[in-house]
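> Fold the following, please.
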Amino acid sequence: MLLTCAACGYFGWRYLANRAADAAVEQQSSTRPAAGPAPIPVTIASVVSADFPVYLTGLGTVQPYTTVTVRSRVDGEVIKVGFKQGQMVKEGDLLVQIDPRPYQAALEQAQAKKAQDEATLKDAQLNLQRYNSLARQDFASRQQLDTQQATVDQLTAQIKGDQAVIDNAQTQVGYTTIRSPLTGKTGFRLVDPGNIVHASDTTGIVSIVKLQPISVVFTAPEEQVPDINKALADGAVPVTAMSSDGTKTLSQGRLALVDNAVDQASGTIRMKATFENKDNVLWPGLSVRTRLLIDTVKQAVIVPNDAIERGPDGLYAFVVDDTNKVSVRAIKVGDQGANRSVILDGLSPGDKVVVAGQYRLQAGVLVQARDGQVAGAPIQEAQSTVQNAPVKVP
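Numbers count the residues shown, from 1 in each chain. Below you'll find the predicted structure:
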């Protein structure tokens, strides 16, 4: 009986002690302030005001500034080739020598014929003088005098014809020496020494292309024609040629030509730009990406593209205030570049926008901001194409 009473007393004491400890813990917990959610880490950038270049991008093909297919203008045997395949040649350099002997013989024959006719003319002129003298003394008839005058005129005309034959023969002799008509790079040689070439051959002997300067032909959507013409009317329009993937700048040039008609089948306008190409980085047939500067927006409000979010009600951005709290602002976007965009409405220079970490944000949450890129950093590219046209908020 005593043992039972002692056990009941022990368990009663443990129960009362535990209740007192729990009450103390609850009281201590009720007096401690509740901790809020941890700030969300984000990266922010500053909205700035700066000039924003608007570029029109497209795809183009490099073409030689001038292309010449060298052909023979006379028939004959090739006795000498004065260039190597793929060699740079200058205007006037010897390319091919055709056997000139048949044409030289024809020239000398024509010269001899002229000398013969000149001698005959000289004799006829002396006879004409004699007939004039005899006619004044009535020892020669008027008919004899007229006949001799006609002979002199005939021989004079014949000498002019002889001179024309000589000129033609000299031209044929000159055609046997083929020289480069321009400074450029030769391609594959299609005729070797010892071959017979003809003036009627269509294949030619070699092709020469002019690489400095060089041209790039590219297209743009027909909707951009007014902007292109306006930029061209204001002065020289810069054009940048880049690698086909757009990662490397190859050369800088200027717009030289806008075609006089839009291609109705494709809805595009063809253009040609000229590049100095001093380092020969542009090569005929190379596919390039072009970037044409058509406008510069003065003192535009600029943000990184990463700050622009899309929602059911349009475009918006997360803005961080001085207390590191986030608000949501609807924005209107103008011209867009590869990395930055022009804001028409909704943001002002100096605002802090979130460019990374937006997936957990909502209005009013607290963030831990880390400075990232500045919207006004050097702008490398701004594109205005059909695929990347400025997005407007309805």
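> Could you point out the helix or strand that follows whatever helix or strand Ile343 lives in?
Assigned by DSSP states H and E, Ile343 belongs to strand 340-345. Heading C-terminal from strand 340-345, the first helix or strand you meet, by DSSP H and E, is strand 352-356.
> packing partners for that following strand?
If you count contacts as 3 or more C-beta pairs under 8 Å, 6 or more residues apart in numbering; DSSP states H and E, strand 352-356 packs onto strand 40-46, strand 287-304, strand 314-320. To be clear about C-beta, it is placed using only N, CA and C from the backbone, and glycine gets the same treatment.
> Which strands or helices does the longest helix belonging to the chain pack on?
For the chain, the longest helix by residue count, based on DSSP state H, is helix 101-136. Helix 101-136 is packed against helix 142-175, with contacts defined by 3+ C-beta pairs under 8 Å, 6+ apart.
> Arg272 bridge partners, please.
Check again: residue 272 is Lys, not Arg. Lys272 has these beta-bridge partners by DSSP bridges: Val217, Leu257.
> Verify the stated contact: it with Ala256.
Yes. Lys272 lies in contact with Ala256 (C-beta atoms under 8 Å); the separation is 5.2 Å.
> Find the residues that touch each one of these two.
Counting by C-beta atoms under 8 Å, 6 or more residues apart in numbering, the residues touching both Lys272 and Ala256 are Ser215.
> element containing Val328?
Take DSSP H and E as the rule and Val328 turns out to sit in strand 326-330.
> Redo the helices and strands packed on strand 352-356 as TSV? Include distance to Val281.
Formatted as TSV, the helices and strands packed on strand 352-356 follow (distance: least, C-beta to C-beta, whole Å):
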stretch	distance to Val281
strand 40-46	35
strand 287-304	10
strand 314-320	40
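> So which of those strands is nearest Glu77?
Comparing the helices and strands packed on strand 352-356 against Glu77 with C-beta to C-beta, the closest turns out to be strand 287-304 (41.8 Å).
> as a whole number, average confidence for the strand holding Ile343?
Average pLDDT, strand 340-345: 90.
> Going forward, the N-terminal residue is numbered 35.
Sure thing, new numbering starts at 35, so read that last one as strand 374-379.
> Just the CA atoms from that strand would do, formatted as PDB, please.
Provided in PDB are the C-alpha atoms of strand 374-379 (Å, rounded to 0.1, in the frame of the first residue of the first chain):
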ATOM      1  CA  ARG A 374      18.600  46.600 -74.700                       C
ATOM      2  CA  SER A 375      15.300  48.300 -75.600                       C
ATOM      3  CA  VAL A 376      13.800  51.700 -75.700                       C
ATOM      4  CA  ILE A 377      11.000  52.300 -73.200                       C
ATOM      5  CA  LEU A 378       8.300  54.700 -74.400                       C
ATOM      6  CA  ASP A 379       6.300  54.800 -71.200                       C
END
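> what angle sits between that strand and strand 74-80?
Strand 374-379 and strand 74-80 are oriented at 90 degrees to each other (axes from the mean of the first three to the mean of the last three C-alpha atoms, to 10 degrees).
> what's strand 374-379 packed up against?
By 3+ C-beta pairs under 8 Å, 6+ apart, strand 374-379 packs against strand 321-338, strand 366-371.
> lowest-confidence stretch among those?
Among the helices and strands packed on strand 374-379, strand 366-371 has the lowest mean pLDDT, at a mean of 86.
> Show me what that strand is packed up against.
With contacts defined as 3+ C-beta pairs under 8 Å, 6+ apart, strand 366-371 has these neighbours: strand 82-104, strand 321-338, strand 374-379, strand 416-417.
> please redo it, this time with the cut-off set to 10 Å
Packing contacts for strand 366-371, counted by 3 or more C-beta pairs under 10 Å, 6 or more residues apart in numbering; DSSP states H and E, involve strand 82-104, strand 321-338, strand 348-354, strand 374-379, strand 416-417.
> Could you identify which of these is most buried?
Ranked by mean neighbour count, those are led by strand 416-417 with a mean of 24 (mean count of other C-beta atoms under 10 Å).
> rewinding a little: list the neighbouring strands of the strand holding Ile377 plus their orientation.
Note on strand 374-379: by DSSP bridges, its sheet partners are strand 321-338 (antiparallel), strand 366-371 (antiparallel).
> Make TSV from those strands and add distance to Ser382 to it.
Output for these, formatted as TSV (distance: least, C-beta to C-beta, whole Å):
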stretch	distance to Ser382
strand 321-338	7
strand 366-371	13
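> What pLDDT is listed against Thr100?
Here, the pLDDT recorded for Thr100 equals 93.
> which SS class is the residue nearest to it when sequence neighbours are not counted?
Closest residue to Thr100 in three dimensions, ignoring its sequence neighbours and counting by C-beta to C-beta, 6 or more residues apart in numbering: Lys244, at 4.1 Å. What DSSP: H, G, I helix; E, B strand; the rest coil gives for Lys244 is strand.
> Over to Thr357?
Once three-state DSSP is applied, Thr357 turns out coil.
> Could you report the separation of it from Val399?
12 Å (C-beta to C-beta, to the nearest Å).
> Those two: who's more crowded?
Between Thr357 and Val399, counted using other C-beta atoms under 10 Å, the more crowded position is Val399 (16 against 6).
> these two touch, right, that one and Gln392?
No. In this structure Val399 lies outside contact range of Gln392 using C-beta atoms under 10 Å: 11.0 Å.
> Overlap in contacts, these two.
Common contacts of Val399 and Gln392 (C-beta atoms under 10 Å, 6 or more residues apart in numbering): Ile74, Val76, Phe352, Val360.
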